[in-house]
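Participant: what shape does this take:
(one chain, ligands or ions: 1)
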Amino acid sequence: MITVALALALAPGGRHRLDVPLPPAPREHFGHGDALVDGRLPATAREPGTPTTLFVNFDGVDLGHCNPSNSIKNCHWYNDASPIPAFSGSLQTRVSILQAMRRHADMFGVRITAVRPRSGHYTMLVYGGTEEDFGALGSAPSGDCYDAYPDEIGFVHLDGELVDWVVAGATTSLHEAAHTWGLDHVDLESEIMYPEGDNTPTAFDDACHGIVADVDLTPGGQSCPELNTALCGAPDRQDSVQALVELFGPPYVDETAPSIELVEPHDGAYFQVPGDFEVELELDDDLHPQNYAMWAWLDGDARPAEPNLTVAPGFHVSALPVGHWRFHVAIADEAGNESTLSFEVEVGVDPPPEPEPSHGCALGPAAPDRTVLLAALPLLLAAARRKR
Ligand SMILES: [Zn+2]
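Facilitator: Predicted structure coming up:
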C-alpha cells in the first residue's frame with residue numbers, strides 16, 4: 001500500500017499546515033512495513049546506521065517524471081509538470097536556514113549542504129515556491145521505512161511572504177526530509193514532526209510520542225511499526241531522535257577544509273596605479289555555504305588577529321601603489337578547518353597592455369571580466385610599504 005505525506009485539513013488557530021495533500025503515487029513502491037522482506041531490508045536499501053547527505057536545493061529545478069522520486073535522476077511523481085523557481089531569499093538567509101538545520105541534525109549522521117553532491121546517495125529538498133501556490137509549507141513522499149529509497153525528493157514552499165522565515169525554513173525542511181526517511185507525524189506540538197508549524201521553534205524530541213494521521217491528531221498512519229516497536233516498545237509510537245540515530249548513526253563531523261580558488265584577478269595580474277580591484281574567490285566545502293572566517297594580508301605584514309566573518313569570501317583592494325605585491329588569504333570553515341591561498345599582482349605606471357587582436361570577431365578590446373562581484377569586504381591597505 002502507498003502512503004504519501006499525509007493530507008491535512010486547514011490548520012486551526014492560524015498555524016500553517018506542513019504538508020500539501022498529495023495525489024496517490026502512480027504505482028506502489030513502498031508502504032506500511034514493506035521495508036522488511038522476510039525480516040530483512042531489500043538489497044537496494046541503504047545500510048542502517050550509516051550517514052547520509054541532505055542537499056537543500058535553493059537554485060530551482062525542472063523535474064522529470066519517475067517513481068519513486070530520485071534526486072540523482074532529478075525526477076519525481078508529482079511537482080514534475082512545471083519548473084520550481086529558485087528561492088528568492090538572500091545568501092545570508094540560506095546560510096541561516098542551513099545553520100539552523102545543522103544544529104537540529106547534530107545528534108545524527110546527516111551532512112547538510114546546498115551544493116548538489118557529485119556522487120553517492122542523497123536526499124534532495126527543493127526549497128522554492130510559495131505556500132499560497134502549493135497549499136502548504138511543504139510536502140514529501142512518506143512511508144519509506146528505514147530510508148530504503150535513499151535518494152528521494154521533498155519540497156519546501158517558504159518563498160514570497162515567508163521568505164525570511166528562517167526558523168520555519170529549517171524545521172519544515174527537516175520535517176519533509178524526515179518524511180522521506182520514513183518518519184511520521186507525532187502528537188507533540190513542540191516536535192518537528194508535528195503536522196502543523198509556523199516560525200515558532202520546534203525540535204526533534206528524544207522521547208516516544210504517539211503517531212498521528214492528521215491535524216486532528218487522530219492516532220494511526222504509522223509507516224515503520226518494526227522500528228517503532230524496537231525503539232518505543234509499541235508500533236504506534238515514535239522517538240524521532242532515536243529513529244534518526246538508528247538510520248544515520250552518530251553526528252557528522254566536519255574534518256574537511258574548504259577549497260579556495262582565485263577567480264579574479266589572475267595570479268600575476270597587472271594594474272595601472274592606483275591599483276583598485278576586487279578579489280573574487282570561489283569556495284567549496286563539505287558544508288557549503290556557511291559563515292566562513294577570512295583573513296587577508298600582504299606579504300611582510302602580520303596576519304590579522306581577527307578574521308572577517310562572511311558568507312561570501314572576497315575583498316576589495318584600493319589605492320595599491322606601484323610595486324609587486326603578494327597577497328595571502330586564509331579561510332576557515334565553522335569547524336575551524338582552514339585553507340590558505342597566495343597570489344601576486346603588479347602595479348605600474350603604464351596602462352595595461354592592449355589585449356592581442358582577436359581573429360574573426362573585431363569588437364574591440366575585451367572588457368575585463370567583472371561580471372561576478374562577490375560581496376566585497378574592504379581590505380584597507382594603509383600605505384605603500386613592503387614591496388617584494
Ligand atoms: Zn508532514
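
Participant: give the contact list for the residue nearest to Glu338 when sequence neighbours are not counted.
Facilitator: Nearest residue to Glu338, sequence neighbours excluded (Cβ to Cβ, 6 or more residues apart in numbering): Ala332, at 4.1 Å. In this view, the C-beta of every residue, glycine as well, is placed from N, C-alpha and C. With contacts taken as Cβ atoms under 8 Å, 6 or more residues apart in numbering, Ala332 has the following neighbours: Ala257, Pro258, Tyr292, Ala293, Pro307, Glu338, Ser339.

Participant: domains of this structure?
Facilitator: 12-248, 259-355+368-379 (automatic domain parsing).

Participant: pick the most buried one from those.
Facilitator: domain 12-248 (a mean of 20; mean count of other Cβ atoms under 10 Å).

Participant: which residue, other than its chain neighbours, is closest to Ser259?
Facilitator: Using Cβ to Cβ, 6+ apart and skipping residues adjacent in sequence, the residue nearest Ser259 is Asp284, 4.7 Å away.

Participant: and the one you found, its phi and psi?
Facilitator: phi -140, psi 150 (degrees, to the nearest 10).

Participant: would you agree it is in contact with Ala257?
Facilitator: No. Using Cβ atoms under 8 Å as the test, Asp284 is too far from Ala257 to be in contact (10.4 Å).

Participant: still on that earlier bit, with distance to Ser190 added, can I get the contacts of Ala332 in CSV?
Facilitator: Converted to CSV, the contacts of Ala332 look like this (distance: Cβ to Cβ, whole Å):
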residue, distance to Ser190
Ala257, 37
Pro258, 35
Tyr292, 33
Ala293, 34
Pro307, 36
Glu338, 38
Ser339, 40
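
Participant: mind checking which of the residues you listed are in strands?
Facilitator: Tyr292, Ala293, Glu338, Ser339 (DSSP state E).

Participant: residues touching the last one, list them.
Facilitator: Yep, that's Ser339 we're talking about. Ser339 neighbours (Cβ under 8 Å, 6+ apart): Ala257, Pro258, Ser259, Ile260, Ala330, Ile331, Ala332.

Participant: again, only this time at 10 Å
Facilitator: Thr256, Ala257, Pro258, Ser259, Ile260, Leu283, Asp285, Val329, Ala330, Ile331, Ala332, Asp333 (Cβ atoms under 10 Å, 6 or more residues apart in numbering).

Participant: what's the answer for the first one, then?
Facilitator: With contacts defined as Cβ under 10 Å, 6+ apart, Tyr292 is in contact with 95, 258, 260, 281, 283, 285, 307-313, 331-334, 338.

Participant: related to what we said a few turns ago, pick the one among the ones in strands among the contacts of Ala332 closest to the ion.
Facilitator: Nearest to the ion among the ones in strands among the contacts of Ala332: Tyr292, at 33.5 Å, using Cβ to the ion.

Participant: what's the spacing between that closest one and Cys208?
Facilitator: 40 Å (Cβ to Cβ, to the nearest Å).

Participant: pull the contacting residues for Gln92.
Facilitator: Here Gln92 is in contact with Val166, Pro289, Asn291, Thr310, Val311, Ala312, Ala375 (Cβ under 10 Å, 6+ apart).

Participant: can you tell me the closest non-neighbouring residue to the second one?
Facilitator: If the residues on either side of it in the chain are set aside, Pro289 comes closest to Val95, at 5.2 Å by Cβ to Cβ, 6+ apart.

Participant: follow-up on the earlier one: so can I have CSV of the contacts of Ala332 showing distance to the ion?
Facilitator: What follows is the contacts of Ala332, written out as CSV (distance: Cβ to the ion, whole Å):
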residue, distance to the ion
Ala257, 37
Pro258, 34
Tyr292, 33
Ala293, 37
Pro307, 40
Glu338, 40
Ser339, 39
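
Participant: want to try a markdown table for the residues you listed, with pLDDT as columns?
Facilitator: Listed next are the contacts of Ala332 as a markdown table, based on pLDDT from 0 to 100:
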| residue | pLDDT |
| --- | --- |
| Ala257 | 98 |
| Pro258 | 98 |
| Tyr292 | 97 |
| Ala293 | 97 |
| Pro307 | 97 |
| Glu338 | 98 |
| Ser339 | 98 |
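
Participant: quick one: the helices in this protein?
Facilitator: Under the criterion DSSP state H, the chain contains helices at 91-104, 131-134, 166-180, 225-232, 240-248.

Participant: and the ones you listed: which comes nearest the ion?
Facilitator: Closest among those, using Cβ to the ion: helix 166-180, at 5.5 Å.

Participant: now the angle from that closest one to helix 91-104?
Facilitator: Relative orientation of helix 166-180 and helix 91-104, computed by axes from the mean of the first three to the mean of the last three Cα atoms, to 10 degrees: 50 degrees.

Participant: quick one: name the residues of this structure near the ion.
Facilitator: Leu18, Asp19 (Cβ under 5 Å from the ion).

Participant: can you find the helix or strand in the chain with the smallest mean pLDDT?
Facilitator: strand 377-379 (a mean of 45; mean pLDDT, DSSP states H and E).

Participant: in this structure, what residue is nearest the ion?
Facilitator: Closest point on the chain to the ion, by Cβ to the ion, is Asp19, at 4.0 Å.

Participant: from Pro304, how far off is Trp325?
Facilitator: 17 Å.

Participant: my bad, Gln242
Facilitator: 45 Å.

Participant: what does Ser139 give?
Facilitator: With the distance defined as Cβ to Cβ, Ser139 ends up 47 Å from Pro304.

Participant: brilliant, that's me finished.
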